[in-house]
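In: I'll drop the sequence and a predicted model, then ask my questions.
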Amino acid sequence: MAFTGNLKTISFPDILQLLSTGKKTGVLSITLGEAQKEICFKDGNIIYASSRNSEEDYLGNLLLRRGRISKIDLERALMLQRSSGKRIGMTLVDMELFSREEIVLCLKSQVEEIVYNLFSWESGDFIFQEGKLPQIKDIMVNLSTINVIMEGTRRIDEWLEIRKSLPKENEVLRPVMSPQVKSDEIALSLEQFNVLSVINGERTLSDIVAVSPIGEFPTYRGIHALLAAKLIENIGPRSEDEINDPKEEEQLWWLILKLYSACFDAIRRNLQRKLGSDNTKVNELLATYQKGVWAHFTSFRSSDPRENFASFHRTIQKIPREARVHKLLTGLNWILTEQLAIVRSLLGVNVLRSVESEIKKEISLPIAEKRKVSTKFDLETDIFRVLKESKRTSVL
């Protein structure tokens, strides 16, 4: 028997209550746009949850954010997973990177994050298929649905208070160098310590949430507590990044050229592979970006990288210094957003995801080579944010 509806008419906590009191076994699927989440129940308790088109919910990304695994090991695990067909958790166990017990705890955190995120959904189509169980049975959890309802409801109530004190997404937070409290009066929770560790006076609120080793809600909660204790402060919207070291400046321009050229080349390559290199529509669309400074990223005038960089460097010197970084990155992220929307419009979401994976793979090496510069100017964060938002951006 199937139970269907929309969260506009019956709230997510009410659905959980019905399934718990009825001791139901089955799978609840909830879809909002391209995002889809599934929660599996057995005798009214939650035993598993999964998420599609929402990369922040993936187990590998959760482990990466929390510093439990390196990017290299995660990439190796994903390659092995594709060849073996096993779930990423069991793959990590097979690689002896985690014990089975550790993966169970990690999976529990992942399931909780997926479920708690649904408490903020005010709409979305749902269907509960009674009697259905997940095909994957290698690692399961057992969460009391009643306890989940209580915690999720508490989080929503707490969030209503927390958001009143939070800065805007584009505002920068920094630690207070001389807090007006005695050192022996400062007692940070582990949650607050984890949040404080990624606040460096350069990251905005959205940047901090993106790189935080804990979940989204605990991060916001930690920021709220640190602001209340006056251990961090809001210094306003991010101002123009300053470059004082000529060597660092050259590394920045080299990295920007390398990263965004890789992004646009991956998009062009996939469009031409799928639609043909002589496709008129594709060529017309891509030609619109081959003007001015943007042409250095979308077409190469020489086979010599040094000559291309020299030409690019001469071109950007014409942009006023105080606006150079901002104008360049704002423009490039806008073009990347538009071109990803073109991929989705012409080739669909599956190809879009494949292109995004290709981009992430190709930019990983130059970022690793210039990690300090990338971190200072949030280059990796900006590109990953565009890739993440591409799934929600309206198709052109």
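Out: In hand now; what should we look at? Numbering: from 1, shown residues only.
In: which strand residues bridge residue 30?
Out: Residue 30 has these beta-bridge partners by DSSP bridges: residue 37, residue 126.
In: nearest residue to residue 355 other than its sequence neighbours?
Out: residue 270 (5.1 Å; Cβ to Cβ, 6 or more residues apart in numbering). Using the backbone N, CA and C atoms, a C-beta is placed for each residue, glycine as well.
In: for residue 70, same thing?
Out: Closest to residue 70 by Cβ to Cβ, 6+ apart is residue 64, at 8.0 Å.
In: give the rounded mean pLDDT of the helix or strand that neighbour falls within.
Out: Using DSSP states H and E, residue 64 falls within helix 59-65. For helix 59-65, the mean per-residue pLDDT is 70.
In: same question, stretch 349-365
Out: Stretch 349-365 shows a mean pLDDT of 89 in the predicted model.
In: off-centre distance for it?
Out: In this view, stretch 349-365 has its centroid 13 Å away from the chain centroid, taken as Cα atoms, centre = their mean, to the nearest Å.
In: same check, this time on stretch 265-281
Out: 27 Å.
In: hmm, who's touching that stretch?
Out: 282, 286, 298, 339-340, 342-343, 346-347, 351, 354-355, 358-359, 362 (Cβ atoms under 8 Å, 6 or more residues apart in numbering).
In: let's see it as CSV, backbone CA atoms only.
Out: Extracted in CSV, the C-alpha atoms of stretch 265-281 (Å, rounded to 0.1, in the frame of the first residue of the first chain):
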residue,chain,number,x,y,z
ASP,A,265,37.5,23.1,-21.5
ALA,A,266,35.6,20.3,-19.8
ILE,A,267,32.3,21.9,-20.7
ARG,A,268,33.3,22.5,-24.3
ARG,A,269,34.7,19.0,-24.7
ASN,A,270,31.5,17.4,-23.4
LEU,A,271,29.2,19.6,-25.5
GLN,A,272,31.2,18.8,-28.7
ARG,A,273,31.5,15.1,-27.8
LYS,A,274,27.8,14.7,-27.4
LEU,A,275,26.5,17.2,-30.1
GLY,A,276,29.4,17.3,-32.5
SER,A,277,32.3,19.7,-33.0
ASP,A,278,30.5,21.4,-35.9
ASN,A,279,27.2,21.9,-34.1
THR,A,280,26.2,25.5,-35.0
LYS,A,281,24.2,26.1,-31.8
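In: hmm, residue 355 and residue 343 touching each other?
Out: Yes - when contacts are counted by Cβ atoms under 8 Å, residue 343 is listed as touching residue 355 (5.5 Å).
In: may I see the buried residues of stretch 258-277?
Out: 258-268, 270-271 (16 or more other Cβ atoms under 10 Å).
In: now, the most widely separated pair of those residues?
Out: Greatest spatial distance among these (Cβ to Cβ): 258 and 271, at 20.9 Å.
In: burial of the closest residue to residue 47 other than its chain neighbours, as a residue count?
Out: Excluding its sequence neighbours, the residue lying closest to residue 47 (Cβ to Cβ, 6+ apart) is residue 140, at 4.7 Å. As a burial measure, residue 140 scores 17 neighbours (other Cβ atoms under 10 Å).
In: on the three-state scheme, residue 140 is what?
Out: coil (DSSP: H, G, I helix; E, B strand; the rest coil).
In: over to residue 153?
Out: Per three-state DSSP, residue 153 ends up helix.
In: buried residues, the helix or strand where residue 286 lies. List them.
Out: Secondary-structure assignment from DSSP H and E places residue 286 in helix 280-287. Within helix 280-287, the residues scored as buried using 16+ other Cβ under 10 Å are 282, 285-286.
In: now tabulate those in JSON lines and tack on pLDDT.
Out: Output for the buried residues of helix 280-287, formatted as JSON lines (pLDDT from 0 to 100):
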{"residue": "282", "pLDDT": "82"}
{"residue": "285", "pLDDT": "82"}
{"residue": "286", "pLDDT": "82"}
